[in-house]
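K.L.:
Pasted the sequence and its predicted model underneath.
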Amino acid sequence: EVQLVESGGGLVQAGGSLRLSCVTSGITFGDYAIGWFRQAPGKLQEGISCISRSDGHTYYADSVKGRLTITSDNAKDTVYLQMDGLTPEDTAVYSCAAGAPSPNCATTTYTHWGQGTQVTVSS
């Protein structure tokens, strides 16, 4: 059974940082793309970052570029999302997902999802 478990969310002041973790199990970690998504109340889900485990290709949405960094740890089957310079507009539920490898993880179809972790940024 494929499982993805996010952690690291919480309440932080504007300008602060958080590091989210996505621990995977039940998949051959190196064969999958891992993406991070977020959904704020009343808004559509937004794909914000992803990493192709096969070649290390990464993607960042314009809304987070320069403030977020995605990395992976093969030994721990874990993908991290370092978030710096947070603003209240970053408040959302953040979820990770796994998808089949493709030349561009931003266009991958993601088929397995975690439950999400809440990030709240106060002003």
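P.N.:
Great, that's in hand. Numbers count the residues shown, from 1 in each chain.
K.L.:
Show me what the most centrally placed residue in the chain bridges to in the sheet.
P.N.:
Nearest to the mean C-alpha position of the chain, by C-alpha atoms, centre = their mean, lies Trp36 at 2.4 Å. Beta-bridge partners of Trp36, counted by DSSP bridges, are Ser49, Cys96.
K.L.:
So Gly66: helix, strand or coil?
P.N.:
Put simply, Gly66 is coil when judged by DSSP: H, G, I helix; E, B strand; the rest coil.
K.L.:
Now do the same contact list for it.
P.N.:
Tyr60 (C-beta atoms under 8 Å, 6 or more residues apart in numbering). Any C-beta I mention is one placed from the backbone N, CA and C, and that applies to glycine too.
K.L.:
do Val93 as well
P.N.:
Arg38, Gln39, Ala40, Gly116, Thr117, Gln118, Val119.
K.L.:
now swap in Gln118 and tell me
P.N.:
Applying C-beta under 8 Å, 6+ apart, the residues near Gln118 are Gly9, Gly10, Ala92, Val93, Tyr94.
K.L.:
Same list, these, but as JSON lines with secondary structure, distance to Ile27 and pLDDT please.
P.N.:
Listed next are the contacts of Gln118 as JSON lines, based on DSSP: H, G, I helix; E, B strand; the rest coil; distance: C-beta to C-beta, whole Å; pLDDT from 0 to 100:
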{"residue": "Gly9", "secondary structure": "coil", "distance to Ile27": "22", "pLDDT": "98"}
{"residue": "Gly10", "secondary structure": "strand", "distance to Ile27": "27", "pLDDT": "98"}
{"residue": "Ala92", "secondary structure": "strand", "distance to Ile27": "25", "pLDDT": "98"}
{"residue": "Val93", "secondary structure": "strand", "distance to Ile27": "22", "pLDDT": "98"}
{"residue": "Tyr94", "secondary structure": "strand", "distance to Ile27": "20", "pLDDT": "98"}
